[in-house]
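> Here you go, sequence then predicted model.
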Amino acid sequence: MVRQIPRNFSFQLMLRGGNWLSGNINGVNVWRAVNLVDLRTRSDTGRANSSPQTTILPVIRVPSNCQWDLNLLAFDPDGDEVKCRYANATLLECDDCTLPSAFSLSSSCVLSFTPTNNSAIGPYVIQLMMEDFPRQNILMTQNSEQELKTTHTPISKVPVQFIYRVDLAAPRCTEGLYLPKFEPPTPPNGAQLNIEVNEHLAISIKFVVLMSTVEDLQFSGPHNMNRGKVRFGEYTLRWTPSIDEAGQSHPVCFLAQSNTRYHSEVRCVIVWVGNASITSTIQPTTPLSTISTPDTTIRETTTSSTTPDDGTQTPTTPGSNQVVIGLKAIISFLHPLSEDIISALLQKIKDELVRRGIPTDSSLTVSQQCSTENCS
């Protein structure tokens with residue numbers, strides 16, 4: 001569906017029809033979803049607002065005897081705080097909006113499952129909403145009209161709906177025995193990966209499960225992302241962004257499934273497309289780490305995120321209109337770097353800063369401090 005809308009416009013999309021999976025435990029029949037989009041200009045960025053970004057697998061499975069926390073991807077390109085709540089029937093966000101009793105949802109977007117008896121096994125319909133809240137009071141402008149948004153007022157909202165299937169009890173709930181467990185070089189949950197247009201991104205994923213075998217890797221991501229099996233328990237997700245994706249951020253979530261149908265935890269990353277390998281240095285408080293993965297470049301494996309006190313991921317946005325007055329950054333790596341890699345990294349940082357307006361004769365220096373754990 002394509003819909004043409006004016007610029008600086010706020011509107012709501014509603015989808016309704018069809019049926020949920022028959023026989024779901026909480027008895028939800030007709031599906032309904034509401035999306036509030038606000039494209040008005042923000043006073044803090046000077047750009048149109050961006051809604052929260054997330055993705056999820058259509059079905060998540062958990063053994064009935066295992067305590068389980070699902071950390072939903074809650075990311076906002078504008079750096080807003082993202083909060084979750086369950087859908088509300090009064091706001092026409094769903095037809096039957098009761099959160100199943102075995103589940104609880106925190107405002108920080110953690111969906112928790114409490115072990116239950118075998119009589120409660122089966123599929124549950126989960127219907128929640130993600131909303132973005134500015135970290136300071138801002139004005140939303142449409143032509144000459146303005147609206148104040150406070151830190152307690154949501155700007156937009158995005159529906160997140162999927163099936164949570166409670167399975168028969170597992171012999172043990174320890175990850176790595178019957179439930180698959182991720183191992184390095186799998187990127188951590190919430191990592192931000194950076195790549196440029198027409199470059200090849202390779203996300204290496206590895207997992208173990210001792211008392212059964214890994215059957216599949218399931219993922220949700222860009223439409224042309226491909227999955228390849230390297231060997232037993234190892235997969236690679238590959239993607240090459242086109243010019244149409246330049247300057248955008250794309251969520252990717254994945255999980256492993258054993259031959260007994262048990263799922264691993266869900267891990268999610270954000271992929272920035274553009275000159276993003278450098279933009280993390282523009283934020284002095286942003287820690288950087290490098291994850292070593294096969295067949296990737298420095299740009300592909302650089303990950304960055306800023307975690308405020310509320311735990312929400314704050315992006316370092318490519319291509320923002322910032323003026324660099326002074327810069328001091330700390331870059332941490334798992335292993336010492338060669339002089340060639342340090343020189344290449346400094347050159348890329350300088351190239352980006354020159355593009356943003358610093359004099360071409362500016363110089364960058366690096367001071368290595370090594371400990372027993374790493375060099376930074």
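Here it is on my side, so go on.

> tell me which element Gln347 falls in.
Applying DSSP states H and E as the criterion places Gln347 in helix 339-355.

> what's the average pLDDT for that helix?
Mean pLDDT, computed over helix 339-355, is 73.

> Which parts of that helix count as buried, going by neighbours?
345, 348-350, 352-353 (16 or more other Cβ atoms under 10 Å). C-beta: built from backbone N, CA, C; applies to glycine.

> Just the CA atoms of that helix, as CSV, please.
Coordinates of the C-alpha atoms in helix 339-355 are reproduced here as CSV (Å, rounded to 0.1, in the frame of the first residue of the first chain):
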residue,chain,number,x,y,z
GLU,A,339,49.9,0.4,13.6
ASP,A,340,48.3,-0.1,10.1
ILE,A,341,44.9,-0.5,11.6
ILE,A,342,45.3,2.5,14.0
SER,A,343,46.5,4.7,11.0
ALA,A,344,43.6,3.6,8.9
LEU,A,345,41.1,4.3,11.7
LEU,A,346,42.5,7.7,12.3
GLN,A,347,42.4,8.6,8.6
LYS,A,348,38.7,7.6,8.4
ILE,A,349,37.9,9.7,11.5
LYS,A,350,39.7,12.6,10.0
ASP,A,351,38.0,12.2,6.6
GLU,A,352,34.6,12.3,8.2
LEU,A,353,35.5,15.4,10.4
VAL,A,354,36.8,17.2,7.3
ARG,A,355,33.5,16.4,5.6
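
> Figure out how far it is from the centre of its chain.
Relative to its parent chain, helix 339-355 has a centroid offset of 27 Å by Cα atoms, centre = their mean, to the nearest Å.

> Can you spell out which helices and strands pack onto it?
helix 276-279, helix 298-301 (3 or more Cβ pairs under 8 Å, 6 or more residues apart in numbering; DSSP states H and E).

> Go again with 10 Å.
The contact analysis (3 or more Cβ pairs under 10 Å, 6 or more residues apart in numbering; DSSP states H and E) places helix 339-355 against helix 276-279, strand 288-290, helix 298-301, strand 331-332.

> Could I get the full set of helices for the stretch 101-250 of the chain?
For the stretch 101-250 of the chain, helices defined by DSSP state H, counting those that start in this stretch do not occur.

> sorry, back to before: out of the buried residues of helix 339-355, flag the one nearest to Thr240.
Lys348 (20.0 Å; Cβ to Cβ).

> Tell me how far the closest one lies from Thr141.
Distance of Lys348 to Thr141, given as Cβ to Cβ, to the nearest Å: 36 Å.

> Check Ser220 too.
Distance from Ser220 to Thr141, by Cβ to Cβ: 34 Å.

> what do you get for Ser106?
Counting by Cβ to Cβ - Ser106 and Thr141 are separated by 33 Å.

> Ser220 and Thr141 - which one has more neighbours?
The neighbour count for Ser220 versus Thr141, taken as other Cβ atoms under 10 Å, is higher for Ser220 (19 against 15).

> quick one, what contacts the more buried one?
Neighbouring residues of Ser220 by Cβ atoms under 10 Å, 6 or more residues apart in numbering: 54-58, 73, 162, 251-255, 266, 268.

> Not counting its neighbours along the chain, what's nearest it?
Spatially, and ignoring its direct neighbours in sequence, Ser220 is nearest to Thr55 (4.5 Å; Cβ to Cβ, 6 or more residues apart in numbering).

> Now do the same for the one you found: helix, strand or coil?
Following DSSP: H, G, I helix; E, B strand; the rest coil, we place Thr55 in the coil state.

> Excluding chain neighbours, what is closest to Glu245?
Glu245 sits nearest to Val273 (Cβ to Cβ, 6+ apart), 4.5 Å away.

> rewinding a little: make a markdown table out of the buried residues of helix 339-355 and add distance to Tyr235.
Shown next, in a markdown table, are the buried residues of helix 339-355 (distance: Cβ to Cβ, whole Å):
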| residue | distance to Tyr235 |
| --- | --- |
| Leu345 | 28 |
| Lys348 | 29 |
| Ile349 | 32 |
| Lys350 | 36 |
| Glu352 | 32 |
| Leu353 | 37 |
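
> Tell me the one of those nearest Asn226?
Lys348 (27.2 Å).

> Just list whatever residues bridge to Val214.
Val214 forms beta bridges with Ser258, as assigned by DSSP bridges.

> nope, Arg61 is what I meant
With DSSP bridges as the rule, Arg61 is bridged to Arg165.

> and it, how many neighbours does it have?
For Arg61, using other Cβ under 10 Å, the count is 19.

> Kindly report the same for Lys149.
Neighbourhood size, Lys149 [other Cβ under 10 Å]: 23.

> Please apply the same query to the one 3 residues further on.
A count of neighbours around His152, defined by other Cβ under 10 Å, yields 8.

> Pull the number of nearby residues for Val252.
23.

> OK, contacts around the residue nearest to it when sequence neighbours are not counted?
With Cβ to Cβ, 6+ apart as the criterion, Val252 has its nearest non-adjacent residue at 3.8 Å, and that residue is Gly221. Counting by Cβ under 10 Å, 6+ apart, Gly221 makes contact with 55, 203, 227, 237, 239, 250-254, 268-269, 271.

> can we see that at 7 Å?
Applying Cβ atoms under 7 Å, 6 or more residues apart in numbering to Gly221 gives the contacts 237, 239, 250, 252.

> Out of these, which is nearest to Trp20?
The closest of those, once distances to Trp20 are taken by Cβ to Cβ, is Val252, at 25.5 Å.

> Run through the bridge partners of that closest one.
Here Val252, judged by DSSP bridges, has bridge partners Val269.

> show me what contacts it?
Counted by Cβ under 7 Å, 6+ apart, Val252 has contacts 219, 221, 237, 268-269, 271.

> Save the residues you listed as TSV, and put in pLDDT and distance to Leu15 too.
TSV is the format used below for these (pLDDT from 0 to 100; distance: Cβ to Cβ, whole Å):
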residue	pLDDT	distance to Leu15
Phe219	97	24
Gly221	96	22
Leu237	98	28
Cys268	97	23
Val269	97	27
Val271	97	26
